[in-house]
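Chemist: what's the 3D shape of this:
(one chain, ligands or ions: 1)
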Amino acid sequence: MLLLMEAKQSNLSVAADVTTKKELLDLADQVGPYICLLKTHIDIIVDFDQDLIVQLQALAKKHQFMIFEDRKFADIGNTVKMQYGAGVHRIAHWSHFTNCHIVPGEGIIQGLKQVGQPLGRGLLLLAEMSPADSLANNPTYTAKNVDLALKHSDFVAGFIASRRLTDDHDFLTMTPGVGLDVTGDSMGQRYRSPKQILTENYSDIIIVGRGIYGTGKDPVHEAQRYQRAGWEAYLARLS
Ligand code: BMP
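Modeler: Sure thing, here's the model as predicted:
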């Protein structure tokens, strides 16, 4: 992942929250050159089929980006094993990264690991969430995520969080709730700038959705803008 980011000079992930196969493929093709990671919510696609996955993988290869299915697993180990590896979406078979809440305890990581590790996948723990009132934004809960990540560092690739949480291992930190123009939405979402996230908070990847394809926006122009802002903020941190 880090090599890909360096090669493309991008720490931008687009949150592709669109609801049809055509919209998802068009968006991935448009923003593909500027991103390191495409984040999907595959269960909002009304006309999902296996051909979507084939085409998505072809675009990932064409534009050199990885895929992160933002499934937010939250059940016991035995159940998430089936949700991750089987069902309609067969997420483990195509998504490089997925994520989970640790509300059910360590078993959720153990279950996902049984399926994902043999396939070379990586898990992200939702150690914090972007809305200010999220119950995940509790120091004890966040610290527990770090403990479990360290214990399962052979499968846990990093965190969804607003800031770098630990230097104890080479974890990736990915941050949603990023916007250059507005500070939030009407349902609790909170946006911070790439500078705050990458330069000040030492996160690695910014995740941007509506800031890129919201009403009246040109996704290519906005992806280029966020890529530039993200990379400059990252370089500023190094200097
Ligand atoms: P947007 O930039 O349009 O607000 O989209 C943010 C994306 O990140 C959504 O796909 C949402 O599911 C996801 N997300 C989030 O906003 N906050 C979190 O704490 C975790 C998320 O996965």
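Chemist: Taking the protein, what residue is nearest to the ligand?
Modeler: Gly209 (2.6 Å; CB to the nearest ligand atom). Placement of C-beta: from N, CA and C, glycine included.
Chemist: Any idea how many residues pack against that residue?
Modeler: The number of residues packed around Gly209, counting by other CB atoms under 10 Å, is 20.
Chemist: Does anything pack onto the lengthiest strand in the chain? Which helices or strands?
Modeler: Looking across the chain with DSSP state E, the single longest strand is strand 66-73. Applying 3 or more CB pairs under 8 Å, 6 or more residues apart in numbering; DSSP states H and E, we find strand 66-73 packed against strand 37-40, helix 50-63, helix 77-85, strand 97-100.
Chemist: Return the second one as PDB; C-alpha atoms alone will do.
Modeler: Okay, so that is helix 50-63. The C-alpha trace of helix 50-63 is given here as PDB (Å, rounded to 0.1, in the frame of the first residue of the first chain):
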ATOM      1  CA  GLN A  50     -20.400 -10.800 -10.100                       C
ATOM      2  CA  ASP A  51     -19.600  -9.000 -13.300                       C
ATOM      3  CA  LEU A  52     -19.400  -5.800 -11.300                       C
ATOM      4  CA  ILE A  53     -16.600  -7.400  -9.300                       C
ATOM      5  CA  VAL A  54     -14.800  -8.500 -12.500                       C
ATOM      6  CA  GLN A  55     -15.000  -5.000 -13.900                       C
ATOM      7  CA  LEU A  56     -14.000  -3.400 -10.700                       C
ATOM      8  CA  GLN A  57     -10.900  -5.600 -10.400                       C
ATOM      9  CA  ALA A  58     -10.000  -4.700 -14.000                       C
ATOM     10  CA  LEU A  59     -10.200  -1.000 -13.200                       C
ATOM     11  CA  ALA A  60      -8.100  -1.600 -10.100                       C
ATOM     12  CA  LYS A  61      -5.500  -3.100 -12.300                       C
ATOM     13  CA  LYS A  62      -5.800  -0.500 -15.000                       C
ATOM     14  CA  HIS A  63      -5.400   2.400 -12.600                       C
END
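Chemist: what's the offset of that helix from the middle of its chain?
Modeler: 18 Å (CA atoms, centre = their mean, to the nearest Å).
Chemist: related to what we said a few turns ago, could you export the helices and strands packed on strand 66-73 to TSV, including columns for mean pLDDT?
Modeler: Formatted as TSV, the helices and strands packed on strand 66-73 follow (pLDDT from 0 to 100):
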stretch	mean pLDDT
strand 37-40	98
helix 50-63	98
helix 77-85	98
strand 97-100	98
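Chemist: If anything else comes up later, I'll come back, but that's it for now.
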